[in-house]
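This is a predicted model, with the sequence first.
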Amino acid sequence: MAFLGCEEVLLEEDLSDKAIIINAPVEGTTVLNISVTFNWETLDQATTYRLQVAQPDFENAAQIVLDTTITGTSFNTNLVRNSYNWRVRAQNSGTTTPYVSAGFTVIESEDFSVREVLLVAPENTTIVNTTSINLQWQAVTDATSYRIQLLDESNAVVEEKTTADTSISFTFPEGVTQWQVRAENNTQNTLYSTRSLTVDSMKPNQPVVVAPVNDATQAGTTVAFSWTREVVVGTPEFDSIYIYSDVALTQLVSKNRVTSPTDIELDANTTYYWFLKAFDEAENESESSTTSRFTIN
């Protein structure tokens, strides 16, 4: 078997002589909406990108209106009517590219109905294990209130609230729910902006150990583990098996995400102690199973 020496560990590429290619907004663009999407090309070996927006430009900045680091190559935000300069660079753990920049102007449409509510949190398709959720979005110019709706899987409205703020708390039902927000003033409203959220607050059932039974002894070092557990309706569940070499459960030998049954190779002439816990995608966890002991001669 070959092993890699320290000098053979893969190093990240030096980005200092690379260049970002920006797609939009390019130099001199006029954006006819306060919702602005910044987009650029992916750069190989980059792990993150730093995006900044200044008003009116970086040399004579009245303010830096945005300074963020993201992993993707697109970012959307609301900006008021004004002239701006934006720039982006690629980064990895040790190096960065030079910034590439472009100037643009935001001219907000006079038609309130075509403006857009930018949702902030939670992210789309988020899975949570609590039912009380705070929803957040960006302000829309000239809005006097915001209408928020929860929709079930058939798109029927199950709850609706209005607020003048840009955040509100709801108690979500179990399962998948669409939430949407629109801005309103005295005469008009925008279209709804929509995201999905899954609530799973139910912890998985406790696994029940089947084999090896408590105080079992075997000669072979390949141990067949099995157990049972009734699945709870909700997000996907999985089991983790924990194997220790001491009764106090301080010397962890193996921890694996497993399916039943599973075989694990262990050392001979050792007594082991093992138990299981179940988890789901909402980060709920079950009670631990009973701890069993077995010995490999």
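Cool, got the structure. Residues are numbered from 1 along each chain as shown.

Pretty sure K18 sits against V100.
No. Between K18 and V100 there is no contact under C-beta atoms under 8 Å: 10.5 Å. Yep, even glycine has a C-beta here, placed from its N, CA and C like the rest.

Quick check: next helix or strand after the strand or helix carrying A278?
Assigned by DSSP states H and E, A278 belongs to strand 270-280. Once the chain leaves strand 270-280, the next helix or strand it forms, by DSSP H and E, is strand 292-296.

Next, the angle from that following strand to strand 270-280.
140 degrees (axes from the mean of the first three to the mean of the last three C-alpha atoms, to 10 degrees).

In strand 292-296, which residues are buried?
292, 294, 296 (16 or more other C-beta atoms under 10 Å).

Now do the same contact list for the second one.
Contacts of F294 were listed using C-beta atoms under 8 Å, 6 or more residues apart in numbering, and they are 212-218, 223, 271-272, 274.

Relative to R81, which of those is nearest.
Checking these against R81 by C-beta to C-beta gives W274 as the nearest, at 64.8 Å.

Now that closest one: closest residue in space, sequence neighbours ignored.
I243 (4.6 Å; C-beta to C-beta, 6 or more residues apart in numbering).

and the host helix or strand of the one you found, which strands flank it?
Using DSSP H and E, I243 sits in strand 237-244. Strand 237-244 has its sheet partners listed here by DSSP bridges as strand 252-258 (antiparallel), strand 270-280 (antiparallel).

quick check: mean pLDDT across it?
Within the predicted structure, the mean pLDDT of strand 237-244 is 96.

now stretch 49-67
Stretch 49-67 comes out at a mean pLDDT of 93.

Test my guess that Q136 contacts A121.
Yes. Assessed by C-beta under 8 Å, Q136 is found in contact with A121 at 4.6 Å.

Point out where the chain drops to low pLDDT.
In the predicted model, the chain carries pLDDT under 70 at residues 1-11.

switch the cut-off to 50
Applying pLDDT under 50 to the chain picks out residues 1-9.

now the helices for it?
Applying DSSP state H to the chain gives no helices.

Could you list the buried residues of stretch 20-32?
So, applying 16+ other C-beta under 10 Å, buried residues of stretch 20-32: 20, 22, 25, 31.

could the residues you listed be laid out in TSV, adding distance to V232?
Compiled in TSV, the buried residues of stretch 20-32 are given as follows (distance: C-beta to C-beta, whole Å):
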residue	distance to V232
I20	47
I22	48
P25	48
V31	48
